[in-house]
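Novice: model this:
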Amino acid sequence: MGSTAPDQPLVDQPLVGLTIRTEPLPVRWQEIFSLAAIVAVADVTLYRAAGFAGPAVAALALPLLLIVGVTRPRLGPDMGWNALLLVAVSLRLLWCGGPLAVMSALVLMTMFAMTLTGSRPFLGRIAGFLVRTAGWGVRGAAEYVCLAFGALPGGWARRIRRPAAFAMPAMAVAAFGGLFLLANPALIRHVREALIAVQEQLRIWLQNLSVLEVLFCGVVGWLTIGVLRCRGPVEAGVLEDEHATPANAPLDDDIYQGYRNTLAAVATTFGAYLLFECVTIWVRGTPEAGFDYAGYAHEGAFWLTVALALSTGVLCLIFRGSTLIDARLPTLRRWGAIWAVQNVVLALAVFYRLWLYVDFNGLTRLRVVGALGTAAVAAGLLLTLIKIRSNRSAAWLLRRQMWALGVAVLLYVLPPVDRWVTQYNVSRLMAGRSAPAVYANQVGNSTEGLLMLAPLLDAPDPEVRQLTALRLAEKRASLRSAGEHWSAWQLADRRFERQLSALAPRLPAAPE
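Specialist: Got it, this is the predicted structure:
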């Protein structure tokens, strides 16, 4: 296309319902402010953070600053859902954060940037989005330099419209503000103290500046420029059809018989195994003497989950391409439906195994992860059945399975899992069950879990009472010695401090 005149509007080219600009975008003051603010906020809340309150602030502030800087941000339902998840993760980080919550916030912020540039926020597209954004960052930085020196038509000076609209109000505010400041000696003192404090903080910041921090800020600025200067969606105009395209020829007879016999064989195998599972565990009700809970629940549940995942892969392999246009497809689908029902029963068997072990030996975070992982695999199986039923493509299935995995991660990150785990174990200990004691007082418990330990000071078992008192005393000493940096603030810690103050007479002196 030909070049446009400097004062003419930039030409948009339609592409898959979106517009991609081929000319340099004009530089707006909001863009420059957004870039500088994002780099500064990321440095303070992420690189220099001493705890989880910093990432909590970043999860809310950085997306808002991106909206300010992006030209014509593409708003929609995807952005709304993403924003709600960011708020939820931020609240989680403020209550009682963890590394997994920080990683979730970073992923959600990346997906938020994807929605701003017109890309669907699929987890599988994050890597491609970052690569494309890095490329736009290089080009955008070059445009900044060229526009600043007027090397392109309509350089920096010509991009600033109506300078008087900004200069005159600024001069008036400065003049009257100076007069009001001179008329109030107390205000002068406060301003002087504030300037001294800012100077001291700047000196400390410069003293602690490192090469890694400079590189971190550079990468943040580079990627931010890529988002702000992005011309279009990460898909680069390629609209991928999520409906499967069948092959031109039906299945070879040998291949069809192989698929049919495979489905019949695995359905028969699953049926025999599920019958054995039902008779030995479900019908009997209580395990026999010497029952190996660890082997049955840990190793056994893991291998059954692997069987579920393998079933998903086999179904995807069979119901694709030529299978979808073969006249004998209904027969394959009937066998597939039988096998699918058996897989659902198998998933219930896995959950029952996990429940047996929890009932016997208490609840842990790892066992919660196991249950969520099994649920994610079962959801992947159900999505595979939907794909088979509606002739969806492999890309459609992969994206939805990634969603299922993401939902499982968020279901672990957002709810107070430690609180529920400890609360369950405490209830069992108070009922006289001693097996969960090691898990209720495990060293790795977060503060939200420790908040639930107070009832154990009155537990029937004296050893449990002593162990709990010692654990609470050690935690009280660690909270007192913790730093006072703002980014280390946690609501759960503050509530726990108040609880420990009330319990202080019942706690021993913490070891030095």
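
Novice: The residue sitting nearest the centre point of the chain: which element?
Specialist: What sits nearest the mean C-alpha location of the chain, by CA atoms, centre = their mean, is residue 104, with 2.3 Å. Assigned by DSSP states H and E, residue 104 belongs to helix 99-116.

Novice: helices or strands next to that helix in the packing?
Specialist: helix 53-69, helix 77-96, helix 126-148, helix 394-413 (3 or more CB pairs under 8 Å, 6 or more residues apart in numbering; DSSP states H and E). Where C-beta positions appear, they are placed from N, C-alpha and C, glycine not excepted.

Novice: what sits against the residue lying closest to residue 94 once chain neighbours are set aside?
Specialist: Using CB to CB, 6 or more residues apart in numbering and skipping residues adjacent in sequence, the residue nearest residue 94 is residue 56, 4.7 Å away. By CB atoms under 8 Å, 6 or more residues apart in numbering, residue 56 lies in contact with 89, 90, 91, 93, 94, 97, 105.

Novice: I'd like the residues you listed laid out as CSV, including distance to residue 114 and neighbour count.
Specialist: CSV is the format used below for these (distance: CB to CB, whole Å; neighbours: other CB atoms under 10 Å):
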residue, distance to residue 114, neighbour count
89, 17, 27
90, 19, 23
91, 23, 14
93, 22, 25
94, 25, 18
97, 24, 25
105, 15, 26
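
Novice: Out of the residues you listed, show me where the pLDDT dips lowest.
Specialist: Lowest pLDDT among those: residue 97, with 88.

Novice: Could you check how many residues crowd around the residue nearest to that one when sequence neighbours are not counted?
Specialist: Of all residues not flanking residue 97 in the chain, residue 52 sits nearest, at 2.7 Å (CB to CB, 6+ apart). Residue 52 has 23 neighbouring residues, counting by other CB atoms under 10 Å.

Novice: And for residue 29?
Specialist: When neighbours are counted by other CB under 10 Å, residue 29 comes out with 11.

Novice: where's it relative to residue 447, distance?
Specialist: Counting by CB to CB, to the nearest Å, the gap from residue 29 to residue 447 is 43 Å.

Novice: now residue 193
Specialist: Plainly put, residue 193 is 36 Å away from residue 447 if you go by CB to CB.

Novice: Quick check: the residue sitting furthest away from the middle of the chain vs residue 176, distance?
Specialist: In terms of distance from the mean C-alpha position of the chain, residue 183 ranks first, at 52.5 Å (CA atoms, centre = their mean). If you measure residue 183 against residue 176 using CB to CB, the figure is 11 Å.

Novice: Would you map the helices across the stretch 301-450 of the chain?
Specialist: In the stretch 301-450 of the chain, helices defined by DSSP state H, counting those that start in this stretch lie at 329-361, 365-390, 394-413, 417-430, 437-440, 447-450, listed in chain order.

Novice: deepest of those, which one?
Specialist: helix 447-450 (a mean of 23; mean count of other CB atoms under 10 Å).

Novice: Residue 497 is nearest to which of the helices and strands packed on helix 99-116?
Specialist: Of all the helices and strands packed on helix 99-116, it is helix 77-96 that lies closest to residue 497, at 13.3 Å by CB to CB.

Novice: still on that earlier bit, if I look at the residue nearest to the centre of the chain, how far off is residue 411?
Specialist: From residue 104 to residue 411 the distance is 11 Å (CB to CB).

Novice: again, but for residue 187
Specialist: Applying CB to CB to residue 187 and residue 411 gives a distance of 52 Å.

Novice: Could you report the pLDDT at the residue nearest to the centre of the chain?
Specialist: Model confidence at residue 104, expressed as pLDDT, equals 92.

Novice: Report the separation between the residue nearest to residue 405 when sequence neighbours are not counted and residue 410.
Specialist: Distances taken as CB to CB, 6+ apart put residue 376 closest to residue 405, at 5.4 Å, once the chain neighbours are dropped. Distance of residue 376 to residue 410, given as CB to CB: 11 Å.
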